[in-house]
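Enquirer: Sharing a model prediction with you, sequence too.
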Amino acid sequence: MKTEEILLHSRYDDSLLGASVMIPDIPAKAVFVLVHGMAEHRKRYVEFMTYLCMQGYALVMHDHRGHGDSVKNEKDLGYFYENGEAAMISDVRQMIDYAKTRFPAIPLVLFGHSMGSLVVRNAVKRCDRDVDALIVCGSPSRNPLAKSGLLLVKAFKKCFGPYHRSSLIQKLAFGSFAKRFASDKSENAWLCSDHKVVAAYDADPRCGFIFTLNGFETLFQLMIHTYEKENWSLQHLTMPILFIAGEEDPCIVSKKHFQEAVSFMRQLGYQRVMSKLYPGMRHEILNETKRHSVYEDIVSWVEQSCREQ
């Protein structure tokens with residue numbers, strides 16, 4: 001197994017994108033393009049990436065702009081620069097193109113977690129032909145207050161500027177998540193039931209930061225556009241799609257809301273949409289104590305999906 005750490009220039013605005021590439025010792029069965037969530041970075045996925053690579057898969061993963069190594073300086077964590085939503089989607093499309101060029105003639109699996117699950121669906125929305133399978137992990141369910149949140153953020157931005165970090169917006173967006181697990185010591189306990197994982201997240205200076213108003217504007221735009229039926233390309237309706245999440249994940253809101261997100265893709269016309277909820281697991285199912293059962297399910301689903309293509 002070989003690992004490469006690379007820096008790419010975003011074709012959207014020439015920002016630097018930090019990325020990792022993992023290459024198995026055998027010819028790759030497929031290539032995964034992984035897309036992480038908000039207020040974290042790609043290095044938190046090393047164990048999952050290593051597992052997939054040991055199973056014979058190549059992997060490509062970048063840090064979102066405003067995250068990890070994809071910032072001009074540390075004060076830009078949670079800031080997406082100009083036209084954040086369009087830029088993030090463009091960056092993912094660039095990583096897809098990079099993966100297809102680097103690993104040609106094999107299937108490409110696009111995987112997005114949390115905020116990343118919104119970005120990957122918006123990328124597929126524009127062109128699904130280049131993706132052979134899609135995995136939606138820990139997805140925020142449709143939020144009827146997203147448009148109100150966006151209006152509030154835009155009003156705050158006019159008053160305080162795009163770099164301002166609002167504790168009020170942060171509380172409105174995630175306060176209910178923390179309350180659900182108020183007995184735990186950390187306000188980030190909703191992420192994972194493994195206290196060691198949460199403690200490591202809390203101690204990581206590149207995790208858990210409050211988004212700038214520019215960042216929240218981007219996040220709300222992604223949430224809104226993910227669940228709009230307009231402007232989907234719908235050119236690969238037989239693309240296999242898998243939704244996975246923890247039953248205790250506050251992002252999905254409830255089992256009913258989770259199934260509504262799954263049904264939305266079917267309503268668009270996608271014919272091979274599956275889903276699975278994991279009992280006892282919270283938001284980061286890839287980091288839970290029983291995470292290897294999730295890893296195994298992902299590999300099993302991908303192998304079956306690739307056989308059926």
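Expert: Received the coordinates, thanks. Quantities reported herein were computed from a predicted structural model and do not represent experimental measurements.
Enquirer: pretty sure Val33 belongs to a helix, no?
Expert: No: counting by DSSP: H, G, I helix; E, B strand; the rest coil, Val33 falls outside a helix, being strand.
Enquirer: Let me see the backbone angles for Tyr278.
Expert: phi -110, psi 110 (degrees, to the nearest 10).
Enquirer: residues near it, how many?
Expert: Tyr278: 19 surrounding residues under other CB atoms under 10 Å. Heads up, the C-betas are built off the backbone N, CA and C, glycines and all.
Enquirer: same deal with Leu52?
Expert: Residues near Leu52, counting by other CB under 10 Å: 26.
Enquirer: Ok, Gln271 next?
Expert: Using other CB under 10 Å, Gln271 has 11 neighbouring residues.
Enquirer: phi, psi of it?
Expert: The phi/psi pair for Gln271 (degrees, to the nearest 10) is phi -100, psi -10.
Enquirer: next helix or strand past the host helix or strand of Leu151?
Expert: Using DSSP states H and E, Leu151 sits in helix 146-160. Counting by DSSP H and E, the element after helix 146-160 in chain order, helix or strand, is helix 167-180.
Enquirer: and that next one, how far out from the chain's middle?
Expert: Remark: helix 167-180 is offset 20 Å from the chain centroid, using CA atoms, centre = their mean, to the nearest Å.
Enquirer: Repeat that for stretch 285-299.
Expert: Distance of stretch 285-299 from the chain centroid (CA atoms, centre = their mean) equals 16 Å.
Enquirer: thinking again about what came up before, what's the angle from the helix holding Leu151 to helix 167-180?
Expert: Angle, helix 146-160 to helix 167-180, by axes from the mean of the first three to the mean of the last three CA atoms, to 10 degrees: 140 degrees.
Enquirer: for helix 146-160, packing partners?
Expert: helix 167-180, helix 213-226 (3 or more CB pairs under 8 Å, 6 or more residues apart in numbering; DSSP states H and E).
Enquirer: Single out the most deeply packed of those.
Expert: Neighbour counts (mean count of other CB atoms under 10 Å) averaged over each of the helices and strands packed on helix 146-160 peak at helix 213-226, with a mean of 24.
Enquirer: The helix or strand following that helix - what's its average pLDDT?
Expert: Proceeding N to C from helix 213-226, the next assigned helix or strand is strand 240-246, under DSSP H and E. Across strand 240-246, pLDDT averages out at 98.
Enquirer: residues in contact with strand 240-246?
Expert: The contact list for strand 240-246 (CB atoms under 8 Å, 6 or more residues apart in numbering) reads 132-139, 251-252, 258, 261-262, 265, 270, 272-278, 280-285, 288, 294, 297-298, 301, 305, 308-309.
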